[in-house]
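>>> Next come a sequence and a model predicted from it.
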4 protein chains.
Amino acid sequence: MVETHDPIQELLIAARRAQILDAAATVFAEKGFHRATVKDIARVAGIADGTIYTYFSSKTDVLLGLLNRLNESTERQEQFALGSEQDFRAFFIAYLRQRMSLLWSNAEVFRVLLSEMLVNVELRELYYQQVIMPTFKVAEQYFQAQREEGHLRKIDVPLTVRAIASTFLGLLTTQLLGDQEIAERWEELPEVLVTLMFDGLKPGEDTTHDRGQ
Amino acid sequence: MVETHDPIQELLIAARRAQILDAAATVFAEKGFHRATVKDIARVAGIADGTIYTYFSSKTDVLLGLLNRLNESTERQEQFALGSEQDFRAFFIAYLRQRMSLLWSNAEVFRVLLSEMLVNVELRELYYQQVIMPTFKVAEQYFQAQREEGHLRKIDVPLTVRAIASTFLGLLTTQLLGDQEIAERWEELPEVLVTLMFDGLKPGEDTTHDRGQ
Amino acid sequence: MVETHDPIQELLIAARRAQILDAAATVFAEKGFHRATVKDIARVAGIADGTIYTYFSSKTDVLLGLLNRLNESTERQEQFALGSEQDFRAFFIAYLRQRMSLLWSNAEVFRVLLSEMLVNVELRELYYQQVIMPTFKVAEQYFQAQREEGHLRKIDVPLTVRAIASTFLGLLTTQLLGDQEIAERWEELPEVLVTLMFDGLKPGEDTTHDRGQ
Amino acid sequence: MVETHDPIQELLIAARRAQILDAAATVFAEKGFHRATVKDIARVAGIADGTIYTYFSSKTDVLLGLLNRLNESTERQEQFALGSEQDFRAFFIAYLRQRMSLLWSNAEVFRVLLSEMLVNVELRELYYQQVIMPTFKVAEQYFQAQREEGHLRKIDVPLTVRAIASTFLGLLTTQLLGDQEIAERWEELPEVLVTLMFDGLKPGEDTTHDRGQ
DNA sequence: AATGAATGAGAATTCATTCAT
DNA sequence: TATGAATGAATTCTCATTCAT
């Protein structure tokens, strides 16, 4: 665990950490957290086993590093997303698009993180506090505002927000469990979902998408 | 692994297997599959380590046993659900109710199964073939039929079915990741969800639920 | 371990012991002593695991039983062999013939016994005391007598006896290690050996066998 | 398992392997292969259990290492032996002397190897292919040549070679089974054997050795 | 006497982590 | 800082033996 204030050092350290995290992502994706060994990660990273412990305090800490890196990229995008101003439906589709493309490109890392979070309290709480809860908070405020402005039905905001977020989590998970349909049509999902969520299943004046079976 | 045709023997064997599976469910829920040891399970079951191997071929086979037990209880209910005849919306709520109550009571087992399935191909494929795919098949037929009878908007059936199923999976997962709101209001979900899905978010002639935040 | 004086009982016991020993011979031959399990033996014998312990005190005791059974059959023949009166060379061939045919039919049991004796002091000492030493004793006397009668060169009797006996042990062992030549021509060995031993390698007035390569 | 091209490294690795093999030889000789534990070997070698697996892939691989080490020392001598030119009988005695002294100094390792080979196909085949068969091949050619030059009776070469080789194997084995006479007079064996083999048992113009009983 | 489920000591092997070089 | 050999705790699984039925 290196500590320094020299900016060049810091750059090197960041680069080495990234190198290890990349290797870990590859190895964890392939074998899962428990079946992957520190040796595996080191080999893929092209360094010695022991070197990993210069940058991470333990194997679990490497997983945490992966989680944090995922967070950071998520947050960066988040601001952008929320900063934009559009009509609700259009904004929602755009938001989903970038969220889902982000999820998609990190799907295999997410597989391992989710697997381990389900079963590791520490990791789980970290993720909940740092990712899930803040997301729900922001979304609830947004939905509440939208509702107050009359753009939404009188929905139960907390549960609705959770339902919508969970739909994505669930779709990703189902895909991770092997569903081909979702995998192949991942890009169509934002539109289908927005239609489903806005217009509902119920027949009506509807306009959009149709594929049947 | 014990094989017999004596019905009394079979009862004893089933009982012992159940005893081990119960213990495993407890231990796995607490520690996860990998951190749980066979010794742990044996201790909780009140038997010797070796005895487990009289009834299961390996630690993984115990997990599989848990999966199969979950299947069986699921299937039994499935028939009942599909056998009933009601108007679509009412049926849907009823169906969700019993599905979700089943999920709820097995949430901790599901936590471990999901965690391991994400990362264990064999288990994953088994689950996909035995549980997910059949469920999607049945649901697609049902939705298709409903759509043809004009009870549904012109939706994309395969993706819609997946979206809906994933919403449940996602809600359960979110709850397993520590969300209190979902946990506390689990019983309200069927109604909220059906309203969301049928009526959509879009404001209109709506009637139901309102809680805001 | 059954004890009784009822002759019918004794017969039953002997039969059951034989049944177990037969099974053990089969299983040991196939897997070796350590890799064979008591369960294996029981299965082949068509009885329950525990039953073996009614007739033998341990797995090693079963091996001992096999050793003793081999002894008995050996001894029976021994008497016959030594009882006969012929000219030395002819007697020797005849003796070798029956010895070697006995060895041959028990080769696979001998494989396991030898393997285990090499490494198990108790078994080894038993075998040495009960089989090897007595054989050497008898053979030394016999050779000594033959030498005194002028039928033999002035050989070193103890070493010569050991060398001759060892040639058989060695041939059997070489065959057990996979040599095909010995296996296929086992029946020719008595003559070849007697010629070799009596006439030696040295060229002379010789008469017999020739095959070259 | 450590692979490198740095010659200093290689030396260290060879030394560590030798240290482990020495320990294994000791422990195996004392307890046999199966009763010896990896922990035993590690303790005698003065290292941790796990370290053994840095140099050998399994306990069986350690035994194989012992076999190979035996091979190497054997081969080195072999060349020397066959390179020399002497009269047949003298050469034979010299050859036996060094062969038997080699066997003698490795008797306890051979005990375990033989014990395990009898019962382990893989090991057996390796030994047969690498040691026994080549030895027979060379010896057959040599005997054939000698025979053609008239130094030998019209013997059956393949069987005679096997008989002679087996005599050594058998003598060593008999000694390993506890025979004191052979152990104490090991050094006399080459002469006694050569006399026996060349001149045979049959009385004649003979000159040598006499000890009677 | 026969059964076979239960026992639990024991063994091989793995692997995260340390630390001397 | 990097290395990678060494460590040894921990784990799964086996199987000889026991004993209640």
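Thanks, I have it. Please read these numbers as outputs of a predicted model, since none were measured by experiment.

>>> residues near A:Ile182, how many?
23 (other C-beta atoms under 10 Å in any protein chain shown). C-beta: built from backbone N, CA, C; applies to glycine.

>>> Pull up the gap between it and chain C, please.
Note on A:Ile182: its distance to chain C, by C-beta to the nearest C-beta, to the nearest Å, is 48 Å.

>>> could you list every residue that touches the closest residue in space to that residue that isn't next to it in sequence?
In this structure, A:Ile182 finds its nearest non-sequential neighbour in A:Gln175, 4.2 Å apart by C-beta to C-beta, 6 or more residues apart in numbering or on different chains. Residues in contact with A:Gln175, defined by C-beta atoms under 8 Å, 6 or more residues apart in numbering or on different chains, are A:Ala107, A:Ile182, A:Ala183, A:Trp186.

>>> Need the CA coordinates for stretch A:183-193. PDB is fine.
Extracted in PDB, the C-alpha atoms of stretch A:183-193 (Å, rounded to 0.1, in the frame of the first residue of the first chain):
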ATOM      1  CA  ALA A 183     -28.400 -10.100 -24.800                       C
ATOM      2  CA  GLU A 184     -29.200  -9.800 -28.400                       C
ATOM      3  CA  ARG A 185     -31.700  -7.000 -28.100                       C
ATOM      4  CA  TRP A 186     -30.000  -5.000 -25.300                       C
ATOM      5  CA  GLU A 187     -30.100  -1.900 -27.500                       C
ATOM      6  CA  GLU A 188     -33.800  -2.000 -28.100                       C
ATOM      7  CA  LEU A 189     -34.500  -2.200 -24.400                       C
ATOM      8  CA  PRO A 190     -34.600   1.500 -23.600                       C
ATOM      9  CA  GLU A 191     -37.400   2.200 -26.000                       C
ATOM     10  CA  VAL A 192     -39.400  -0.900 -25.100                       C
ATOM     11  CA  LEU A 193     -39.100  -0.200 -21.500                       C
END
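
>>> Please see if that stretch touches chain B.
Yes: between stretch A:183-193 and chain B, judged by C-beta under 8 Å from any C-beta of the partner chain, the touching residues are A:Arg185, A:Glu188, A:Leu189, A:Val192, A:Leu193.

>>> Off-centre distance for that stretch?
In terms of C-alpha atoms, centre = their mean, to the nearest Å, the centre of stretch A:183-193 is found 16 Å from the chain centre.

>>> Need the residues that contact it.
Contacts of stretch A:183-193 (C-beta under 8 Å, 6+ apart): A:93, A:96-97, A:100, A:104, A:167, A:171, A:175, A:182, A:208-209, B:156, B:159-160, B:163.

>>> do that again at 6 Å, thanks
Contact with stretch A:183-193 is made by A:Ile93, A:Leu96, A:Arg97, A:Trp104, A:Gln175, B:Asp156, B:Leu159, as judged by C-beta atoms under 6 Å, 6 or more residues apart in numbering or on different chains.

>>> just stretch A:113-125 next, same as before
With contact meaning C-beta under 6 Å, 6+ apart, stretch A:113-125 is reached by A:Phe33, A:Leu67, A:Tyr127, B:Gly32, B:Arg111, B:Ser115, B:Leu118, B:Val119, B:Leu176, B:Leu177, B:Gly178.

>>> model confidence over that stretch, on average?
Across stretch A:113-125, the average pLDDT comes to 93.

>>> For DNA strand F, tell me whether it is touching it.
No: judged by C-beta under 7 Å from any atom of the strand, stretch A:113-125 makes no contact with DNA strand F; its nearest approach is 13.8 Å.
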